[in-house]
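Everything below, folded, please.
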Amino acid sequence: MSQQRARIWVGIDAGEGRHWAAVVDETGATLWSRNEVRVDPEREPRVAVAEAGARRGSAVARARRRRSAGVSGGRDSIPGMTSSATGRGLDHFRGDIPIYTLTFAKGLSPTELLTRMGVDPDTLALRDPMDLYDDFDDALYDEDEPVVTTGTDGAWTWAWEQGGSHGLDARILSEVSRGTEAVALHYNEKPMHWFKYAVNGDIIVDFHTLQPIEPTGLDPQRLDAFMRPLGLVPGRSDPLHSVLALAENAFGLRVTAAGDDDERWSGSLLPLPE
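Numbers count the residues shown, from 1 in each chain. Take a look at the predicted model:
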């Protein structure tokens, strides 16, 4: 009987001169990852595969033992972290999107969320995707007065800035989280992710990935039980898409895009105060 060949997946997130590379096995466990790698397009992918191959045996053996025992994962398992095949809640943002800021608030209506974020009341309206483009056109990607679309998935309402980062502002996030919980997720092409978690006006966990992770906030270890299995460990670089996986695993966050005829509340945020 022939032995089943183990499979690995190599992901490379290419930036200008520096890149992220990660290798995972069929369980989603990270076999190898490196941040800010200077990539030779002919050589580096082979180097990644070769280095991962040296460590693959033990991870594959663990995966086979889990299957034999009927276990699908574990603390070192990250199902769907780098793959959209499982239909996870934030899969859309694992694609090629150069910049976005997502602000999530638990239990708020879309209009309340936008009001707390400082929407210009003259721009607040229900719009389908065509109306959105007709009303804002190039201003959709404005940084100073970003256009925000909204939706509700489960207990959380989200606001999506396609060009701005108002949701990261401590004053806005504190207001959004007043009496509830809020999460802000930001990505840009540096490349970097920025994650903030707030409760009732206080920033509890705050970290970014432009350098090795160093969480701050009132309780930086609050999410350790979710962060460490994903490789989000202080002093280390973040594995590919691990910040999105944190938001999914810790809070069940998801974003369901609007259909062609779906109307969603949207508007333009006022400039941040000096």
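
use CA for all of it now, contacts and neighbours both
Fine.

Secondary structure element holding the nearest residue to residue 146 once chain neighbours are set aside?
Of all residues not flanking residue 146 in the chain, residue 164 sits nearest, at 5.1 Å (CA to CA, 6 or more residues apart in numbering). Secondary structure from DSSP states H and E places residue 164 outside every helix and strand.

so residue 164 touches residue 140, yeah?
No - assessed by CA atoms under 8 Å, residue 164 is found out of contact with residue 140, at 9.4 Å.

Quick check: neighbours shared by these two?
Residues touching both residue 164 and residue 140 (CA atoms under 8 Å, 6 or more residues apart in numbering): 146-147.

so who does the residue nearest to residue 146 touch?
The contact partners of residue 164, by CA under 8 Å, 6+ apart, come to 100-101, 141-147.

where in the stretch 51-200 of the chain is pLDDT low?
Within the stretch 51-200 of the chain, the ranges that satisfy pLDDT under 70 run 51-87.

could you show me where the strands are in it, in order?
In the stretch 51-200 of the chain, the strands defined using DSSP state E, counting those that start in this stretch lie at 100-106, 125-127, 147-153, 156-161, 181-188, 192-199.

partners of the fourth one in the sheet?
Using DSSP bridges, the strands paired with strand 156-161 are strand 100-106 (antiparallel), strand 147-153 (antiparallel).

what about residue 227, helix or strand, and which?
Secondary structure (DSSP H and E) places residue 227 in helix 224-227.

Report the separation between residue 108 and residue 193.
Between residue 108 and residue 193 the computed distance is 25 Å (CA to CA, to the nearest Å).

Correction: the previous question concerned residue 232.
From residue 232 over to residue 193 (counting by CA to CA), the distance is 12 Å.

And the helices in the stretch 151-274 of the chain, which stretches?
170-176, 224-227, 242-251 (DSSP state H, counting those that start in this stretch).

I'd like to know which of those is closest to residue 133.
Among the helices of the stretch 151-274 of the chain, helix 170-176 comes nearest to residue 133, with 25.6 Å by CA to CA.

Now the closest one: buried residues?
Of all the residues in helix 170-176, those buried under the rule 16 or more other CA atoms under 10 Å are 172-176.

and what of stretch 217-230?
Within stretch 217-230, the residues scored as buried using 16+ other CA under 10 Å are 217, 220, 226-227, 229-230.

about what we covered before: let's have the strands of the stretch 51-200 of the chain in JSON lines, adding mean neighbour count and distance to residue 116.
JSON lines is the format used below for the strands of the stretch 51-200 of the chain (neighbours: other CA atoms under 10 Å; distance: least, CA to CA, whole Å):
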{"stretch": "strand 100-106", "mean neighbour count": "25", "distance to residue 116": "10"}
{"stretch": "strand 125-127", "mean neighbour count": "17", "distance to residue 116": "15"}
{"stretch": "strand 147-153", "mean neighbour count": "23", "distance to residue 116": "13"}
{"stretch": "strand 156-161", "mean neighbour count": "25", "distance to residue 116": "11"}
{"stretch": "strand 181-188", "mean neighbour count": "23", "distance to residue 116": "12"}
{"stretch": "strand 192-199", "mean neighbour count": "21", "distance to residue 116": "14"}
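
Any chance of CSV for those, columns distance to residue 94?
Formatted as CSV, the strands of the stretch 51-200 of the chain follow (distance: least, CA to CA, whole Å):
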stretch, distance to residue 94
strand 100-106, 11
strand 125-127, 26
strand 147-153, 18
strand 156-161, 15
strand 181-188, 10
strand 192-199, 12
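
Out of those strands, the one nearest residue 265 is which?
Closest to residue 265 of these, according to CA to CA: strand 125-127, at 4.4 Å.
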